[in-house]
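Trainee: Generate coordinates for the sequence data below:
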Amino acid sequence: ADFEVMDHIKVTFNGNEKVAQIAARNEAVIAGKVLAESIGTGENLAVSKEWNVNGETVTIGIQKI
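Mentor: From the prediction side, this is the model:
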């Protein structure tokens, strides 16, 4: 996505409630690792891709802030 390592971003998890709940419970750890200002659901961001996370399909979106 042509982001720089130090860019701050927001992240969304869509299409899988189980993964979204796990991400919400671990928001502080995830945000700290990826420099995310926010982690949420339901919003389509500039860059989105479908992933298989431990057998669960989820669309993860990121956008530079």
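Trainee: rest of the way, CA atoms for contacts and neighbours
Mentor: OK.
Trainee: Gly15: neighbour count?
Mentor: By the measure other Cα atoms under 10 Å, the count of residues near Gly15 is 15.
Trainee: Show me what the closest residue to it other than its chain neighbours bridges to in the sheet.
Mentor: With Cα to Cα, 6 or more residues apart in numbering as the criterion, Gly15 has its nearest non-adjacent residue at 5.4 Å, and that residue is Val58. When assigned by DSSP bridges, Val58 has beta-bridge partners Trp51.
Trainee: Now do the same contact list for Val58.
Mentor: 13-16, 19, 50-52 (Cα atoms under 8 Å, 6 or more residues apart in numbering).
Trainee: Same check on Asp2?
Mentor: Applying Cα under 8 Å, 6+ apart, no residues qualify as near Asp2.
Trainee: try the one 10 residues further on
Mentor: With contact set as Cα under 8 Å, 6+ apart, Thr12 has these partners: 39-45, 59-62.
Trainee: which one of those residues has the most neighbours?
Mentor: For the contacts of Thr12, the largest number of neighbours (other Cα under 10 Å) sits with Gly61, at 23 neighbours.
Trainee: hang on, the earlier thing: reformat the contacts of Thr12 as TSV; add distance to Glu27, pLDDT and secondary structure.
Mentor: Formatted as TSV, the contacts of Thr12 follow (distance: Cα to Cα, whole Å; pLDDT from 0 to 100; DSSP: H, G, I helix; E, B strand; the rest coil):
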residue	distance to Glu27	pLDDT	secondary structure
Ile39	7	95	strand
Gly40	9	95	strand
Thr41	12	95	coil
Gly42	16	91	coil
Glu43	16	90	coil
Asn44	18	88	coil
Leu45	18	94	coil
Thr59	17	97	strand
Ile60	14	96	strand
Gly61	15	97	strand
Ile62	14	96	strand
